[in-house]
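S.K.: build the 3D model from these lines:
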Amino acid sequence: MTSIHKTEKTYRTWSTPILLELKEREHQLDADARQALHNILTERRLINTGNPSGVDRRRSSS
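M.R.: Predicted coordinates for the structure are as follows:
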């Protein structure tokens, strides 16, 4: 694993609990901060956006 990969893994390990805590307190944030948090959570896939994953993604909808 390269040092960049190690750094990224460390960043995600440390930041995920912080982001989830902010999600619980999002009602205390202003609108811009709330939108930024939502964007990060969506990007990091820490919230359910309704997209299927895993086996469900592979099934046809018909």
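
S.K.: longest helix anywhere in this protein?
M.R.: Identified as the longest helix of the chain according to DSSP state H is helix 3-24.

S.K.: same for the helix or strand following that helix, what does it pack against?
M.R.: The helix or strand immediately downstream of helix 3-24 is helix 31-43, counting by DSSP states H and E. Packed against helix 31-43, as judged by 3 or more C-beta pairs under 8 Å, 6 or more residues apart in numbering; DSSP states H and E, are the following elements: helix 3-24. For glycine as for every other residue, the C-beta is placed from the backbone atoms N, C-alpha and C.

S.K.: give me the contacts around the helix it packs on.
M.R.: Residues outside helix 3-24 that contact it (C-beta atoms under 8 Å, 6 or more residues apart in numbering): 1, 29, 37, 40-41, 44, 46-47.

S.K.: and that helix, what's buried?
M.R.: Neighbour-count burial for helix 3-24 flags 22-23 (criterion: 16 or more other C-beta atoms under 10 Å).

S.K.: average pLDDT across that helix?
M.R.: Regarding helix 3-24, the rounded mean pLDDT is 88.

S.K.: that helix versus helix 31-43: what angle between them?
M.R.: Using axes from the mean of the first three to the mean of the last three C-alpha atoms, to 10 degrees, the inter-axis angle of helix 3-24 relative to helix 31-43 is 130 degrees.

S.K.: put the alpha carbons of helix 3-24 into PDB.
M.R.: Provided in PDB are the C-alpha atoms of helix 3-24 (Å, rounded to 0.1, in the frame of the first residue of the first chain):
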ATOM      1  CA  SER A   3       1.800   6.200   1.500                       C
ATOM      2  CA  ILE A   4      -1.100   8.100  -0.300                       C
ATOM      3  CA  HIS A   5      -3.400   5.100   0.300                       C
ATOM      4  CA  LYS A   6      -2.300   4.800   3.900                       C
ATOM      5  CA  THR A   7      -3.000   8.500   4.400                       C
ATOM      6  CA  GLU A   8      -6.400   8.300   2.800                       C
ATOM      7  CA  LYS A   9      -7.300   5.300   4.900                       C
ATOM      8  CA  THR A  10      -6.200   7.100   8.100                       C
ATOM      9  CA  TYR A  11      -8.200  10.200   7.100                       C
ATOM     10  CA  ARG A  12     -11.400   8.200   6.500                       C
ATOM     11  CA  THR A  13     -10.900   6.200   9.700                       C
ATOM     12  CA  TRP A  14     -10.600   9.400  11.700                       C
ATOM     13  CA  SER A  15     -13.100  11.600   9.900                       C
ATOM     14  CA  THR A  16     -16.100   9.200   9.600                       C
ATOM     15  CA  PRO A  17     -17.100   9.300  13.300                       C
ATOM     16  CA  ILE A  18     -16.800  13.100  13.200                       C
ATOM     17  CA  LEU A  19     -19.000  13.400  10.100                       C
ATOM     18  CA  LEU A  20     -21.600  11.100  11.700                       C
ATOM     19  CA  GLU A  21     -21.600  13.200  14.800                       C
ATOM     20  CA  LEU A  22     -22.200  16.300  12.700                       C
ATOM     21  CA  LYS A  23     -25.000  14.500  11.000                       C
ATOM     22  CA  GLU A  24     -26.700  14.000  14.400                       C
END
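
S.K.: great, nothing more from me.
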